[in-house]
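A.B. asks: No letters, just coordinates:
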């Protein structure tokens, strides 16, 4: 029987915002909303604020995470800022090192480097990025090269230096897609892994990561950051309603091959879903943790205890930003964040 780990007295909570677009709004508004959200997250006491990388996705405005992270860092003063993540197969490691070197030089002590191995949503996007599916297999070698540019220990390019990155201690994290957990363990880096959907598989991956972890210059011990959708409202039904637009978008993407902009909850055609869409919609909803504070609190505490997580990265999205911000405020209050 798997033993439960003690929950640290104050597990940090952080935010990942995907800059989701909304019906009737342009991408510029979505990006400005992300910057405003970061200010609010900082005031509520969240530990980090991360942005993501998606390409040619109608429902996501964030395609250049290091650029957006710079805007977020410039608009805030204390919260850590980073990426969840930069998809390393899409970029040359030296360029990524230089971008984060610029960020860290501008905002010292506040920058995180979250890294993933995804290579694009469709064949057309991968072709436009100059990559195929097999590019994800190069992630371990690319990660080694990137860390080498930062440490000054890369050996493939004599007398070449990634400036101003070389010598900077920028915390790096690995997103657990595919073999990401094993890669993180081998590199001695923190692991970011989805929390709620498929919990048993997640717990096995976490156990394997901890067992395989090799201490490194980047980390002396394994560190696990759970990521997931958590929503709190005055009633269970209200919390569920907040999540309907994101769940519908997920079902739509898996049946149509395209993430659409978020719709208002009342405009989501739940009554006319096909059987396949209903299954996917219900699967998406089952992967979310939602309800009142009295319902979410014990469930969240149990999840943290079972996983022994060091941090939780909240990834909630919805059409109604007022309801979204209220949920994050309720969660901050529940967790006693210092805002």
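C.D. replies: Happy to help now that I have it. These numbers come from a predicted model, not from an experiment.
A.B. asks: so where do the helices sit in the chain?
C.D. replies: For the chain, the helices defined by DSSP state H cover 27-44, 65-75, 93-106, 123-128, 139-151, 180-187, 199-212, 236-256, 275-286, 293-307, 321-335.
A.B. asks: In CSV: the ones you listed, plus mean pLDDT and distance to residue 173.
C.D. replies: The way it works is simple: take the backbone N, C-alpha and C, and place the C-beta from them, glycine included. As requested, these are exported to CSV (pLDDT from 0 to 100; distance: least, CB to CB, whole Å):
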stretch, mean pLDDT, distance to residue 173
helix 27-44, 97, 18
helix 65-75, 97, 13
helix 93-106, 97, 12
helix 123-128, 80, 24
helix 139-151, 94, 11
helix 180-187, 92, 8
helix 199-212, 93, 12
helix 236-256, 93, 23
helix 275-286, 92, 25
helix 293-307, 95, 16
helix 321-335, 96, 21
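A.B. asks: Kindly compare burial across these and name the winner.
C.D. replies: Per residue and on average, the most neighbours among those fall to helix 180-187, with a mean of 22 (mean count of other CB atoms under 10 Å).
A.B. asks: tell me the angle that one makes with helix 199-212.
C.D. replies: With axes from the mean of the first three to the mean of the last three CA atoms, to 10 degrees as the criterion, the two stretches helix 180-187 and helix 199-212 enclose an angle of 10 degrees.
A.B. asks: Give me the contacts around helix 180-187.
C.D. replies: For helix 180-187, the external contacting residues (CB atoms under 8 Å, 6 or more residues apart in numbering) are 116-117, 139-140, 143-144, 147, 173-174, 176, 190-191, 193, 205-206, 208-214, 216, 218, 222.
A.B. asks: residue contacts, the closest residue to residue 165 other than its chain neighbours?
C.D. replies: Leaving aside its sequence neighbours, residue 165 sits nearest to residue 101 (CB to CB, 6 or more residues apart in numbering; 2.8 Å). Listed by CB under 8 Å, 6+ apart, the contact set of residue 101 reads 150, 162-166, 168, 170.
A.B. asks: at 7 Å what do you get?
C.D. replies: Residue 101 makes contact with 162-165, 168, according to CB atoms under 7 Å, 6 or more residues apart in numbering.
A.B. asks: repeat for residue 132
C.D. replies: By CB under 7 Å, 6+ apart, the residues touching residue 132 are residue 126.
A.B. asks: do you know how far it is from residue 58?
C.D. replies: Taking CB to CB, to the nearest Å as the criterion, residue 132 is separated from residue 58 by 23 Å.
A.B. asks: ditto for residue 210
C.D. replies: In this view, residue 210 and residue 58 are 39 Å apart by CB to CB.
A.B. asks: And for residue 168?
C.D. replies: Between residue 168 and residue 58 the computed distance is 36 Å (CB to CB).
A.B. asks: Settle it for me: which of the two has more neighbours?
C.D. replies: Between residue 168 and residue 58, residue 168 has the larger neighbour count (other CB atoms under 10 Å), namely 17 against 12.
A.B. asks: Surely that one and residue 152 touch.
C.D. replies: No - counting by CB atoms under 7 Å, residue 168 does not reach residue 152; the two are 10.0 Å apart.
A.B. asks: Check the gap between residue 101 and residue 77 for me.
C.D. replies: When distance is defined by CB to CB, residue 101 is 21 Å away from residue 77.
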